[in-house]
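Asks: Using only what follows, build the 3D model:
(2 chains)
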2 protein chains.
Amino acid sequence: MSRMLEEIRQQPEALARTLSAEMRSVERFRRRLEKQRPRWIVLVARGTSDNAATFGRYLLEITTGIPVSLAAPSVTTLYDAHLDYRDTLVVAISQSGESTDINMVLERARARGALTLGITNERASSLATLAEHTFLVRAGKERSVAATKTYTGQMLVFYLLAHALGGGVKRADLERVPEAVEAALGLEDEVNALSERYTYMRNAVVVGRGLNYANALEFALKLMETCYVVAERFSSADFLHGPIAFVEARFPVFAFAPPGPTWTSISQTLEKLHNLHAEIITVTDAGNPEAAAKATRVIRLPRRVKEVLTPIPYIVPAQLFAASLAAQKGLDPDRPRTLSKVTQTI
Amino acid sequence: MSRMLEEIRQQPEALARTLSAEMRSVERFRRRLEKQRPRWIVLVARGTSDNAATFGRYLLEITTGIPVSLAAPSVTTLYDAHLDYRDTLVVAISQSGESTDINMVLERARARGALTLGITNERASSLATLAEHTFLVRAGKERSVAATKTYTGQMLVFYLLAHALGGGVKRADLERVPEAVEAALGLEDEVNALSERYTYMRNAVVVGRGLNYANALEFALKLMETCYVVAERFSSADFLHGPIAFVEARFPVFAFAPPGPTWTSISQTLEKLHNLHAEIITVTDAGNPEAAAKATRVIRLPRRVKEVLTPIPYIVPAQLFAASLAAQKGLDPDRPRTLSKVTQTI
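Replies: Numbers count the residues shown, from 1 in each chain, chains lettered A, B, ... in the order given. Got it, this is the predicted structure:
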């Protein structure tokens, strides 16, 4: 069994541990924020952590009303610009806490008056030292190059940050997340059987919208790095603004399709894809029976949760799919060619 | 000849017209901003206009130090969140000025206290009515579904906005842009000859960084919508954080490689790609002789300009390439299957 699959299975326990162990830091940070509420939030990250940041962006804007920006690191690291970060909370997200460029952006922001927070899986990392406050993802050491448990851990920490900012995210709701993930892991056999159909898939598209848009980015990244599939990723709305032109009959499109505010938009895209005879694979739950109507294949989450809580359980079958497809293709998802666990960029 | 190619060739004239006709609006807006300088800028757009916005984000942050965010429209249109846009300049960018979701975000932002600016090619559009201020892209009617002259026109308007915000962008410099584009159009025969090699290309990657990152997004979009190539787009740094794993020998990677602050980062990525025996096609100019060393093919701009001015001339050979490749493949870039000129999303 791959380490990736082992780590996927560790997620319920890792999430429960993070939730119980980090509440004290969260309450402390909440008191700090009551004295100095940020007017803007900037998130800075790369790779899977950047996908978690994209989720955080939607969650924080929707629940707190504070505008959020995803930082462009090169503005600081290559162009040496001096951004006005007064009244701003700058959050750096990094599994290892050792990304040179991410740490540089955080350090510069702190020097220029930003309130800084680090989100990392490594307590003794540079990031944890550089940031004024730290939230730890307590996922345990991540050994697979393909990040899984730190992605869901980082997403959970964003719920805690929304809570600290008064965003109405309830702890009681969050406590249902680990069990929803446990239930999603029960899809493993079904997903294994499904993945076989895609053994020779070379291209794919993954779409999502709103809170699940980040999952489209993350699923596509997993397909690229562990299965070597050229996987495009789009918001279901952006996909209609040009890229859909390349879709031919049987072109595989994976769609995150929870019930709730995004369904009308997603269904508009699926309708067009259906008319193009695309192969549509939806990830959904019992609350959205319509998501099966236009789909070639459906992955249905066994446990229904509120839409705001769907992103963590919804990525689980996608992680299982990538691990299984890598195995079908005879690839090692723990050591993709060309990659190493910590990527240094400037 | 396709309308797309006609419109590509109209760019020097369109840019010169926009530059001379819009200076009065720009000066008026500049006086308005002196009384009420925004602390934060939010850009909202889709498709090619969103790519221009991505350029605008880098340009405005680098030249003015004001943090910029690219809006996630669904936060407003689907989740009905109330974002705190006080002290914020919200800029909507739309060729037609008739995008439902973009206009809704702008309207809501204005109601909530934002200073609003519309950037559009259509003087009589809904966007021009909804926004407090309007900058017109005076590209003339755009008939091809594949946007070209409005993309460079929108980029030019972002320089004007940076100027209005006191960002040190000089009019004398901007006046050299149309002639640099005219010189770039001289590459047409060379690009036609080059494109033949890629007639059967199904996949590609386009990378850029910093001010030319938006061009990577735009070139990939043109390859997707006019040539039906599954074209991925990445910052050259993000590409190393996972996706590079799918690159095999001869995989085509197009790279915007101007001299200046981003070259060290781009060259790090090209070095890795070279070792993987990828097919590397660089877009560069005489100021960066190193950009040829690792490349399979080089497109060299004939006129050298300051790095901050490279994005407009650098997209021109990419536009020519897409138009030419569509012709090689027997496709009509003016009417891609599935698409219409104005795409409505929510």
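
Asks: Could you count how many residues lie near the closest residue to A:H82 other than its chain neighbours?
Replies: Spatial nearest neighbour of A:H82, excluding adjacent residues (Cβ to Cβ, 6 or more residues apart in numbering or on different chains): B:G65 at 5.2 Å. Every C-beta, even on glycine, is put in place using the N, C-alpha and C of the backbone. B:G65 has 17 neighbouring residues, counting by other Cβ atoms under 10 Å in any protein chain shown.

Asks: burial count for the nearest residue to A:L270 once chain neighbours are set aside?
Replies: Excluding the flanking residues, the one nearest A:L270 by Cβ to Cβ, 6+ apart is A:K294, at 4.7 Å. Counted with other Cβ under 10 Å, residues neighbouring A:K294 total 19.

Asks: Look up how far chain B lies from A:K294.
Replies: According to Cβ to the nearest Cβ, to the nearest Å, A:K294 stands 16 Å off from chain B.

Asks: which other residues reach stretch A:22-35?
Replies: Here stretch A:22-35 makes contact (Cβ atoms under 8 Å, 6 or more residues apart in numbering or on different chains) with A:89, A:115, A:117, A:133-136, A:138, A:157, A:160-161, A:163-166, A:171.

Asks: try 6 Å
Replies: The contact list for stretch A:22-35 (Cβ atoms under 6 Å, 6 or more residues apart in numbering or on different chains) reads A:133, A:135, A:160, A:164.

Asks: My guess is the first one contacts A:L115. True?
Replies: When you say that, I think you mean A:H133. No - if you go by Cβ atoms under 6 Å, A:H133 and A:L115 don't touch, sitting 7.9 Å apart.

Asks: Looking at the two, which one has more neighbours?
Replies: Just comparing A:H133 and A:L115: by other Cβ under 10 Å the higher neighbour count belongs to A:L115, 23 against 19.

Asks: Okay, and the beta partners of the more buried one?
Replies: Under DSSP bridges, the beta-bridge partners of A:L115 are A:L89.

Asks: That one touches A:V91, doesn't it?
Replies: No - applying Cβ under 6 Å, one finds A:L115 not in contact with A:V91, separated by 9.4 Å.

Asks: if we take the contacts of stretch A:22-35, which one ends up nearest to B:T338?
Replies: Closest approach between those and B:T338, by Cβ to Cβ: A:L160, at 42.1 Å.

Asks: can you give me phi and psi for A:A245?
Replies: phi -60, psi -30 (degrees, to the nearest 10).

Asks: Which residue, neighbours along the chain excluded, lies closest to it?
Replies: B:P336 (4.2 Å).

Asks: Return the per-residue confidence for the one you found.
Replies: You'll see B:P336 listed with a pLDDT of 88.

Asks: is it fair to say it lies in a helix?
Replies: No - under DSSP: H, G, I helix; E, B strand; the rest coil, B:P336 falls outside any helix and is assigned coil.

Asks: ranges for the helices of chain A?
Replies: Secondary structure of chain A (DSSP state H): helices at A:3-9, A:11-35, A:47-64, A:73-77, A:100-111, A:126-130, A:149-164, A:171-174, A:177-185, A:188-195, A:213-227, A:236-240, A:263-275, A:311-328.

Asks: Out of those, which is the most enclosed?
Replies: Highest mean neighbour count among these (mean count of other Cβ atoms under 10 Å in any protein chain shown): helix A:213-227, with a mean of 28.

Asks: Show me what that helix is packed against.
Replies: Other helices and strands packing on helix A:213-227, by 3 or more Cβ pairs under 6 Å, 6 or more residues apart in numbering or on different chains; DSSP states H and E, are helix A:47-64, strand A:203-208, strand A:230-235, helix A:311-328.

Asks: who touches the last one?
Replies: Outside of helix A:311-328, the residues within contact range by Cβ under 6 Å, 6+ apart are A:4-5, A:8, A:55, A:148, A:152, A:155, A:177, A:180-181, A:184, A:187-188, A:191-192, A:195-196, A:198-199, A:211-212, A:215, A:219, A:222-223, A:226-227, A:256, A:283, A:299, A:301, A:333.

Asks: re earlier: specify which member of the contacts of stretch A:22-35 is nearest to B:F234.
Replies: Nearest member of the contacts of stretch A:22-35 to B:F234, counting by Cβ to Cβ, is A:F135, at 28.1 Å.

Asks: Now A:V177: closest residue in space that isn't a chain neighbour?
Replies: A:I312 (5.4 Å).

Asks: An error on my part: the question was meant for A:T269.
Replies: Nearest to A:T269 is A:S236, by Cβ to Cβ, 6+ apart, at 4.1 Å.

Asks: do you know how far the one you found is from B:L240?
Replies: 28 Å (Cβ to Cβ, to the nearest Å).

Asks: can you list the residues of the stretch 101-250 of chain A near chain B?
Replies: Residues of the stretch 101-250 of chain A lying close to chain B (Cβ under 6 Å from any Cβ of the partner chain) are A:203, A:209-210, A:221, A:224-225, A:228, A:230, A:237, A:240-246.
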